[in-house]
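Q: Sharing a sequence plus its predicted fold:
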Amino acid sequence: MSKTLKILILVLLLAGVAGFVLPSQVLLNKIWEGLPFQIFQSSAQEELPIFVKEEPLEKPGRPLYAPDEIIVKFRTGIKKADIENFNRQQETVEKYESPYAHFKVLKIPATKTVGEMVEIYKKNPNIEYAEPNFIYCAFWYPNDQYYQYQWNFDDNHTNNPGGAAANPYGGLNGGGIRMEDAWPIITGSSSIIVAVVDTGVAFEDYPVPSYESGTIKGGVKTYKKAPDLAGTNFVSGYDFVHNDTHPNDNNSHGTHVVGTIAQTTNNTIGVAGIAYNTSIMPVKVLDQAGCGYLDDVADGINFAATSGAKVINLSLGGPDPSITLENAVANAYNLGVTVIAASGNDGTSAVSYPAAYDAYVIAVGATRYDETRTYYSNYGSSLDLVAPGGDLNVNQNGDGYNDGILQNTFSPYTDRAPWCVSPGDTKADPTDFGYWFFTGTSMAAPHVVGVAALLLAQNPNRTPDQIRNILQTTAEDKEDLGWDQYYGYGIVDAYAALTYSPISITVIANDSFDYGTLPLSLGSATSTKKNTVELGKIPVIKNTGGVTVDLAVKSSDATGGTTPWDLVAAGSIATDKYCHQYSTTTGATWYDFPISNDYTGTVKTSLAVNATTTLDLQILMPTGSTDTTQKSITITIRATQSP
């Protein structure tokens, strides 16, 4: 009786757990050790104060959408006359059509509700979708405590004398993202454009237009550039709230966000930014109260994606999913733009939109100094990463100040009846600059955006998926091993991301080394005398990645027919039971494949980059078989980073 056996080798690559040594940074010490003592100074060497924004004790429920508008997308090819006729029948008026996605904003009649009109339009077969014009808001949690140092970047040169290693709460990086090790590698590139889709940015000195004068403090005639953005690179943006080419900030939120990404750095004044040589594209989609409508947010994203941005920061969101919004982030992703968004500040198990669009957006939650999730940070199945967002209720680093995120911005809009513009609000003064402490997932997201900009400066050909993979693979793991709903893949680690080397092995001459069909004889096998078949092909495994790896193997049972052959130890061969062995010493010593079908079979440890090793294989046949069907075996080789 004869049998045939088909063997296939597969390759599996896994990221290993790597420890990173913090190199000494003598030069960097001299550059940065004096920085915290200069945070009060402006470009004119005059002192600027430190503030926090007071938050009302109670928050009324915010409106979910514009009460008199809906968004409608008619199908391609529908005649303009037919569209106008249907709108006329429903007594709606077209207010706006997106030049990017071609959806329309329609004003509805006063006698109808938004819900009623959405249902009417959905029933028309000529309409792709209809939905409310949802409202999205900036995510931030300012409080009433002062904070002095940027522990969120690196704890080595704050008022904690021992640095990250002395953090009483443990953690790899002392609450920060290890920027002091990352900056010597790269500080960004002006060719990489980051779009900040937000409340605008204090990026220029510009006369306040008459139609904007009522949105800021009375008597202010000119928008001013933030003192600590004096050396930051800016490219042309757009203001979708006022429909002009001057997206100036009349809230203060967007300016703070930009500071985390690209504050002018190493200029003897103020505070630092992560990727401070990056170019910023200001895109204004939120009004003076930090609120914006869906059509503006979607068009802001589309504008950025089609105007040269490589990364988009979205420190905004809301609880409502939207086809218009999903289409916008999908378009950006498909154009090669890395989209990063805040998870939301409700402290609930539902990540906000657009962060929750998993396929297109990296969702970022917030941590505090002790590297735990903040009380306000949304979590859940869509969360990808976390980053410092701060908590002004505590002073965990013992520096005498509660722990917020510090950047240069101006006296902000104070919302007395959140979430949108209401009587009694205190308007922002975009000429009254200081250093302000904000907390929130709005502050966490730009940490990840800044690191993404550094990765693109390092290699501008990286795709959004590659950026995501690097950030997630190198994040400082928290809570459960690997991904979990509270921390995603962990806290972003700038140095680990910039020094990441992918794991890769190749089975020469091809990834799937197919032995073909082998005729095997069972006749002479007994429980004490093995019928051994040594396979004639010897695969060569090469480390084609960037780090030293360990190799492990496993073998499957022999499947096929009515009765598979079980994989057993050499001493347990019987009917329908076989042993599979491997050797890395050209047959001098043979090892049984693990019968548990796991990776306890070690082929090679510490295989260096570009080095090779061989894998000899042999089969110890069963004493008999209950069927004559061809069997097949899969051998999988796993590579993990060496410790």
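A: That came through, no problem. Not measured: the values here are computed from a predicted model. Numbering: from 1, shown residues only.

Q: Not counting its neighbours along the chain, what's nearest Pro388?
A: Asn152 (3.5 Å; C-beta to C-beta, 6 or more residues apart in numbering). Yep, even glycine has a C-beta here, placed from its N, CA and C like the rest.

Q: show me the contacts for that neighbour.
A: Gly175, Gly176, Ile177, Ala387, Pro388, Gly390, Ile405, His447 (C-beta atoms under 8 Å, 6 or more residues apart in numbering).

Q: go with 7 Å
A: Counting by C-beta atoms under 7 Å, 6 or more residues apart in numbering, Asn152 touches Gly175, Gly176, Pro388, Gly390, Ile405, His447.

Q: where's the first one relative to Asp465, distance?
A: Distance, Gly175 to Asp465, using C-beta to C-beta, to the nearest Å: 29 Å.

Q: more crowded one of those two?
A: Neighbour tally, Gly175 and Asp465, criterion other C-beta atoms under 10 Å: the higher count belongs to Gly175, 28 against 11.

Q: So which of the contacts of Asn152 is surrounded by the most neighbours?
A: Neighbour max across the contacts of Asn152 (other C-beta under 10 Å) = Ile405, 32 neighbours.

Q: Could you tell me the phi and psi values at it?
A: phi -110, psi 120 (degrees, to the nearest 10).

Q: Please shift the residue numbers so they start at 273 in all later answers.
A: With 273 as the first residue, the last one maps to Ile677.

Q: pretty sure it contacts Asp663?
A: No: if you go by C-beta atoms under 7 Å, Ile677 and Asp663 don't touch, sitting 10.0 Å apart.

Q: Pull out the buried positions in the host helix or strand of Ala729.
A: Assigned by DSSP states H and E, Ala729 belongs to helix 713-730. Across helix 713-730, burial judged by 16 or more other C-beta atoms under 10 Å covers 713-730.

Q: any weak-confidence spans in this structure?
A: 273-335, 410-421, 427-446, 688-691, 776, 779-810, 869, 871-873 (pLDDT under 70).

Q: Can you pull up the most central residue in it?
A: Centroid-nearest residue in the chain, with C-alpha atoms, centre = their mean: Ile634, separated by 3.4 Å.

Q: ok but that one is inside a strand, no?
A: Yes: residue state for Ile634 (DSSP: H, G, I helix; E, B strand; the rest coil) corresponds to a strand.

Q: So what pairs up with it in the strands?
A: Ile612 (DSSP bridges).

Q: ok, it touching Arg740?
A: Yes: in this structure, Ile634 is within contact of Arg740 by C-beta under 7 Å, at 5.7 Å.

Q: burial measure for Pro915, as a count.
A: 11.

Q: Asp354 too?
A: 12.

Q: what's the distance between the residue nearest to it when sequence neighbours are not counted and Lys352?
A: Leaving aside its sequence neighbours, Asp354 sits nearest to Asn398 (C-beta to C-beta, 6+ apart; 6.9 Å). Counting by C-beta to C-beta, the gap from Asn398 to Lys352 is 12 Å.

Q: Compare the two (neighbour count), which wins?
A: Asn398 (13 against 8).

Q: In this structure Gly760 contacts Ala659, no?
A: No: using C-beta under 7 Å, Gly760 is not in contact with Ala659, being 10.1 Å away.

Q: Counting neighbours, go ahead and name the busier of the two.
A: Applying other C-beta under 10 Å to Gly760 and Ala659 shows that Ala659 carries more neighbours, namely 32 against 29.

Q: doesn't the more buried one fall inside a strand?
A: Yes: assessed with three-state DSSP, Ala659 lies in a strand.

Q: residue contacts, it?
A: Ile449, Val636, Ala638, Thr639, Ala716, His719, Val720, Ile763, Val764.

Q: if you skip the residues just before and after it, what's nearest to the third one?
A: Leaving aside its sequence neighbours, Ala638 sits nearest to Gly661 (C-beta to C-beta, 6+ apart; 2.5 Å).

Q: repeat for the first one
A: The shortest distance from Ile449 to any residue that is not its chain neighbour, by C-beta to C-beta, 6+ apart, is 4.9 Å, and that residue is Ala766.

Q: Take stretch 500-510, keep the C-alpha atoms, and write them as CSV.
A: Coordinates of each C-alpha in stretch 500-510 appear next as CSV, following Å, rounded to 0.1, in the frame of the first residue of the first chain:
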residue,chain,number,x,y,z
ASP,A,500,5.7,81.3,19.9
LEU,A,501,4.6,80.5,16.3
ALA,A,502,6.9,83.2,14.9
GLY,A,503,9.3,80.6,13.4
THR,A,504,6.7,78.0,12.5
ASN,A,505,6.1,77.2,8.8
PHE,A,506,2.6,77.8,7.4
VAL,A,507,1.0,77.1,4.0
SER,A,508,-2.3,78.5,2.6
GLY,A,509,-5.4,77.2,4.3
TYR,A,510,-9.1,78.2,4.2
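
Q: my guess is Ser827 contacts Leu839, does it?
A: Yes: Ser827 is within contact range of Leu839, at 6.0 Å (criterion: C-beta under 7 Å).

Q: list residues touching both of those two?
A: Listed as contacting both Ser827 and Leu839 by C-beta under 7 Å, 6+ apart are His852, Phe865.

Q: For those two, indicate the residue with more neighbours.
A: Comparing Ser827 with Leu839 by other C-beta under 10 Å, the one with more neighbours is Ser827, at 25 against 22.

Q: residue contacts, that one?
A: Leu839, His852, Phe865, Ile905, Ile907.

Q: I'd assumed His852 was in contact with the first one.
A: This means Leu839. Yes: counting by C-beta under 7 Å, His852 is a contact partner of Leu839 at 6.0 Å.

Q: which neighbours do those two share?
A: Ser827, Phe865.

Q: Quick one: neighbours of Val764, just the number.
A: Neighbours around Val764, by other C-beta under 10 Å: 31.

Q: so who does it touch?
A: Taking C-beta under 7 Å, 6+ apart as the test, what Val764 contacts is Ile449, Leu657, Ala659, His719, Val720, Val723, Leu743, Ala747.

Q: measure it to Asn733 for me?
A: Taking C-beta to C-beta, one finds Val764 at 21 Å from Asn733.

Q: What segments of this structure are helices?
A: For the chain, the helices defined by DSSP state H cover 298-304, 352-362, 386-394, 451-454, 525-534, 566-577, 595-606, 713-730, 736-746, 766-770.

Q: which residues touch the nearest residue to Gly896 once chain neighbours are set aside?
A: For Gly896, ignoring the flanking residues on the chain, the nearest one in space by C-beta to C-beta, 6+ apart is Thr847 at 4.2 Å. Going by C-beta under 7 Å, 6+ apart, Thr847 touches Pro894, Thr895, Gly896, Ser897, Thr898.
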